[in-house]
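Visitor: What follows is a predicted protein model with its sequence.
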Amino acid sequence: MDSTDFRKQLEEMHAASFGWALWCCNQRREEAEDILQSTYLKVFDGAATFDGKSSLRTWFFGVIRRTAAERERRQWIRRELFDRWLVSEPSAPPASGPEAMACESETRRTLLRAVTRLSTRQRQVLHLVFYQELTIEEASRVMNISLGTARTHFDRGKRRLREVLVEQEAHHEQR
C-alpha cells in the first residue's frame, strides 16, 4: 500500500479510532486525544509498522490499545512511587472500565452500570464488536489474544450483560 493510500485510510478511520482511544482511556477525552496523537506519531515515525497480516483497522486499533496500556502503566508506576514517597503506602492499581463515562439517558446509564460489572476483556471485546464493528477475529488481534479466547469473552460478556440487566430491571421494579 502506498503512503498516500495509507494516510487516506487512516484519515477515514479517524472518528472510529478516536472512539476506540476514548474507550481505552476510560472516556477521558484529553487523554484519548494524547493517546491517538502518540499512536499517529508511532506510525509515521516508523515505531509501529503495518505488516499486512490483518486489516489496517485491526492493526491500528491494536497500536492504540497498546499505546494506552503503556501510558496507563507509566502513570500507575509514577503514582505508586509518589505514594510510597509521600505516605509510605502503595495505592491500588487504577480501575479499568467506563465508570467515568458521563451519561445523559437513563437507558444509557443502566447499560453502562451493567457493563462495569463485566471483566475488562469482556468489555473490550463487546465494544470492538458492537461499537467499532469489528469481527471477533479482528477484535482478538486488536486485543492480542487468541480467537478462541476472544469468542469465550464475547459469549460470556453477552450472557453476563443480559443477567445483569435482568437483575437491574428486577431491582428497579421493586422500588
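Guide: Perfect, I can see it now.

Visitor: which intervals of the protein have sub-threshold pLDDT?
Guide: Applying pLDDT under 70 to the chain picks out residues 77-107, 175.

Visitor: Could you rerun that using 80?
Guide: 1-2, 73-113, 131, 133, 171-175 (pLDDT under 80).

Visitor: need the contact list for the residue most central in space within it.
Guide: In the chain, the centroid-proximal residue (CA atoms, centre = their mean) is residue 24; its distance is 3.2 Å. Shown in contact with residue 24 (CB atoms under 8 Å, 6 or more residues apart in numbering): 32, 35, 64, 65, 68, 69. Bear in mind the C-beta positions are built from the backbone N, C-alpha and C, glycine included.

Visitor: Beyond the helix or strand hosting the fifth one, next helix or strand please.
Guide: Per DSSP states H and E, residue 68 falls inside helix 56-87. The C-terminal neighbour of helix 56-87 among helices and strands, as given by DSSP H and E, is helix 106-115.

Visitor: same for that next one, what does it pack against?
Guide: helix 147-174 (3 or more CB pairs under 8 Å, 6 or more residues apart in numbering; DSSP states H and E).

Visitor: Just give me how far the helix it packs on sits from the chain centre.
Guide: Chain-centre distance of helix 147-174: 18 Å, with CA atoms, centre = their mean, to the nearest Å.

Visitor: buried stuff in that helix?
Guide: Across helix 147-174, burial judged by 16 or more other CB atoms under 10 Å covers 150, 153, 154, 157, 158, 160, 161, 164, 165.

Visitor: Tell me the one of those residues nearest residue 120?
Guide: Nearest to residue 120 among the buried residues of helix 147-174 is residue 153, at 9.4 Å by CB to CB.

Visitor: isn't the closest one right next to residue 128, touching?
Guide: No: taking contacts as CB atoms under 8 Å, residue 153 lies outside contact range of residue 128: 10.5 Å.

Visitor: follow-up on the earlier one: pull the most distant pair out of the buried residues of helix 147-174.
Guide: Maximum distance among the buried residues of helix 147-174 (CB to CB): 22.2 Å, for 150 and 165.
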